[in-house]
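# Output the structure for:
(2 chains)
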Amino acid sequence: MSDPQVTAAVTPAQAAPGAPLLDVDGLTVRLPIDGVHRPVLRDVSFSLRPGEAFGLVGESGSGKSMTARAIDRLLPAGAQVTGSIRFDGGDISSLTGAGLRQYRGQVAMIFQDPRAHTNPVRRIGDFMTEALRTNMGVPAAEARARAVDMLGQVGIEDGTRRLRQYPHQLSGGMLQRVMIAAALLTQPRLLLADEPTTALDVTTQAEVMAILDDLRREFGLTMLFITHDLELAAAICDRTAVMYAGQIVEIRRSSLLHDDPLHPYTAALAAARPDIGQTAHRLRAIPGRPLSAFEAPQDECAFAPRCPHAQDVCLAAVPELVETGGGVSRCARTQELRGMLQVAADA
Amino acid sequence: MPEPPAPEPLIPGSPGPPGPKALVPAAPVPAVPVAEANGAAVLEVAGLRKEFGPLVAVDDVSFAIPEAGSLAIVGESGSGKTTIARMIVGLERPTKGTITACGRDRSRPARSARDRRRRGREVQIVFQDPYTSLDPRNSAEATIDEVLRLHHGWPADRRRTRIAELVDLVGLDARQARALPRALSGGQRQRVAIARALAAEPRVLILDESVAALDVSIQAQVLNLLADIRDETRVSYVLISHDLAVVRQLTDQAIVLHRGTVVERGPTARVLDDPQDPYTQRLRASVPRPGWKPRRRALTGAREEPEAP
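Alright, predicted model coming up:
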């Protein structure tokens, strides 16, 4: 992000009660692709209330991981950013040095592949206590004690022994629990979880999600949960945003997302997934393939080329995010289609 | 075992190599138990076992699949499902047990190149990762052409006709057929892998997590495609998957594998709607769905997590 002159910390808690912890407004990110800056995120806006679990759902290239990286200030070099990201009322774009470190101490991240994010030749204990020792000046013995305690919280009882082990000695599910414990050790306020269970077996996924859900409530954590799995997001998150081609196309209370979608893409995504309870004669596949933000049409609805409901109005301009039905939808025909999308999915 | 005349897989629309056509292998077929469905089994596995040193990866697994049938092997990592697939296609040698495809034993390594090719015309496999299972230097056309030359030895014009048919069958256009894998998306690459497998005109296609890496909207396209191909060619599927919804959509029989052992078997609908084994029940309960709340379970150990009784 631009202009790294200010080294101040996040503007201290001037946020009123009920104000969002994280507020993303009009975020557009362009990355150099084949020598030209092309958009990967287009006008992304949402805010997280304190303690809320917020889902970000989309297929490959939709921009969900890029959104998390923008929030954690981990965008690739050369990224052009417009719009704002405010954490606890303060703009994070100008943070550097100590201010950035302090901010990152409050925002923890969990990734899809725990094995790729641990050093195979360092012990679990070194990995878990590093942030405490180096950033927060906690003495080694106390850091280890806190780590053992936190391992207990994620259901790993013999923490003292685990701290001496190496990543390869743990299963994938166990290692992801270690990642969660490590993320929570610095007492963050915001947890960015990027597909944290995608690489795990379903039974392990259920356990890891249960742990994440328990601890999030216990510590009053705000969580941004990124996944390709609409059903998982709906089950875990209070609200869910659906992304397509670098844009948010719908934000909705999760419980309504499946039965009363506002945007045709949300409905199509839910309908395309096979049903564990019955065999469909044919699945309602969405024609074509998911487009990246820079491949999608720039001055009309990005989903229009694949949308069964597309009409001339959809090609006239990029639809705005419009509030309706207790959510927001980026569809020119939202009002007309209301209630018809689920019917279409069941037909 | 004396080599019987090769049976010709009946693939409507395929030119079919010259020679006598036979629906059923002419040689005496070893007693094929009528499994869960009607008709003789095109693939039968009996008492299959695989040990890796002290570890028993697969223990006493048996199943049979009729023509145009479909069987799901359901399990999580370490359950032995991929080891079974690798034994069927000859990438691993069983410690014990037999594998019979089209009436011929294939539990032992092929004795000649000819024998190996014949096995390739009986069973083919589509792997999970379309990014590593294609030769980066070969277009879809070249990839399919190689299989046609190897297995059928047809002249160029006949191969060209068949390539066009296969490319069309899997829903690729002419430009995509000429493109190198790096220019194709994951879904398109997986279509190339399916076309390559079908080029050998196999009787059995093993789908080892073949749709797991695909985006939801593309996965639906590929699942519909696989259903169409089965209707058209009467090929049988062995679907290896951890995804119960995909299993429901594509298969009519299922076995559930846990630590190398079959813990439950039956019609897919029954196994998923009314699971009897505790492990199947837990698997079923772990699938996110509307109203689902994940529950914490007593914790188990490390790499080889011992099972709670």
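# tell me which residues of whichever strand or helix holds residue B:177 are tucked away?
Element membership for residue B:177 (DSSP states H and E) is helix B:174-178. Across helix B:174-178, burial judged by 16 or more other Cβ atoms under 10 Å in any protein chain shown covers B:176, B:177. Just so you know, the C-beta spots here come from the backbone N, C-alpha and C atoms, and that holds for glycine as well.
# Which strands or helices does it pack on?
helix B:140-152, helix B:156-169 (3 or more Cβ pairs under 8 Å, 6 or more residues apart in numbering or on different chains; DSSP states H and E).
# Quick check: next helix or strand after it?
That would be, after helix B:174-178 and using DSSP H and E, helix B:186-199.
# Now do that following helix, average pLDDT.
Helix B:186-199 shows a mean pLDDT of 90.
# So which residues on the stretch 51-200 of chain A come close to chain B?
A:59, A:60, A:155, A:156, A:157, A:165, A:169, A:170, A:171, A:172, A:173, A:174 (Cβ under 8 Å from any Cβ of the partner chain).
# Now the buried members of those.
A:59, A:60, A:155, A:156, A:165, A:170, A:171, A:172, A:173, A:174.
# pLDDT for those - can I get that in TSV?
Formatted as TSV, those follow (pLDDT from 0 to 100):
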residue	pLDDT
A:59	89
A:60	83
A:155	88
A:156	90
A:165	95
A:170	91
A:171	88
A:172	86
A:173	86
A:174	89
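# Would you format those as a markdown table with secondary structure and distance to residue A:109 included?
Below are these laid out as a markdown table (DSSP: H, G, I helix; E, B strand; the rest coil; distance: Cβ to Cβ, whole Å):
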| residue | secondary structure | distance to residue A:109 |
| --- | --- | --- |
| A:59 | coil | 21 |
| A:60 | coil | 20 |
| A:155 | coil | 21 |
| A:156 | coil | 20 |
| A:165 | coil | 23 |
| A:170 | coil | 20 |
| A:171 | coil | 22 |
| A:172 | helix | 18 |
| A:173 | helix | 19 |
| A:174 | helix | 19 |
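# can you redo the residues you listed as JSON lines with distance to residue B:254?
What follows is those, written out as JSON lines (distance: Cβ to Cβ, whole Å):
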{"residue": "A:59", "distance to residue B:254": "28"}
{"residue": "A:60", "distance to residue B:254": "29"}
{"residue": "A:155", "distance to residue B:254": "31"}
{"residue": "A:156", "distance to residue B:254": "34"}
{"residue": "A:165", "distance to residue B:254": "37"}
{"residue": "A:170", "distance to residue B:254": "31"}
{"residue": "A:171", "distance to residue B:254": "25"}
{"residue": "A:172", "distance to residue B:254": "25"}
{"residue": "A:173", "distance to residue B:254": "24"}
{"residue": "A:174", "distance to residue B:254": "29"}
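# mind exporting stretch A:324-331 as PDB, just the C-alpha atoms?
Below are the C-alpha coordinates for stretch A:324-331, written out as PDB (Å, rounded to 0.1, in the frame of the first residue of the first chain):
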ATOM      1  CA  THR A 324     -32.300  -5.800   0.000                       C
ATOM      2  CA  GLY A 325     -34.000  -8.600   2.000                       C
ATOM      3  CA  GLY A 326     -31.600  -8.200   4.900                       C
ATOM      4  CA  GLY A 327     -28.500  -8.600   2.800                       C
ATOM      5  CA  VAL A 328     -26.800  -7.000  -0.200                       C
ATOM      6  CA  SER A 329     -26.700  -8.300  -3.700                       C
ATOM      7  CA  ARG A 330     -24.800  -7.100  -6.800                       C
ATOM      8  CA  CYS A 331     -27.400  -8.000  -9.400                       C
END
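# Whichever residue of the stretch 1-150 of chain A sits closest to chain B and residue A:252, how far apart?
Using Cβ to the nearest Cβ, the closest approach of the stretch 1-150 of chain A to chain B is made by residue A:59 at 4.0 Å. The gap separating residue A:59 from residue A:252 is 18 Å, by Cβ to Cβ, to the nearest Å.
# Pull the contacting residues for the nearest residue to residue A:107 once chain neighbours are set aside.
Closest residue in space to residue A:107, ignoring its immediate chain neighbours: residue A:190 at 4.6 Å, by Cβ to Cβ, 6 or more residues apart in numbering or on different chains. Shown in contact with residue A:190 (Cβ atoms under 8 Å, 6 or more residues apart in numbering or on different chains): A:21, A:22, A:48, A:71, A:87, A:106, A:107, A:108, A:221, A:222, A:223, A:224.
# before we move on, the earlier item: with respect to residue A:32, which of the residues of the stretch 51-200 of chain A next to chain B is nearest?
Here the nearest of these to residue A:32, counting by Cβ to Cβ, is residue A:60; it sits at 20.0 Å.
# show me the contacts for the closest residue to that closest one other than its chain neighbours.
Excluding the flanking residues, the one nearest residue A:60 by Cβ to Cβ, 6+ apart is residue B:215, at 5.5 Å. Contacts for residue B:215 (Cβ under 8 Å, 6+ apart) come out as A:59, A:60, A:228, A:289, A:290, B:186, B:187.
# And for residue B:113, the neighbour number?
Residue B:113: 9 surrounding residues under other Cβ atoms under 10 Å in any protein chain shown.
# Contacts only, for the nearest residue in space to residue A:221 that is not next to it in sequence.
Closest residue in space to residue A:221, ignoring its immediate chain neighbours: residue A:191 at 5.2 Å, by Cβ to Cβ, 6+ apart. Shown in contact with residue A:191 (Cβ under 8 Å, 6+ apart): A:107, A:108, A:109, A:110, A:183, A:184, A:216, A:221, A:222, A:223, A:224.
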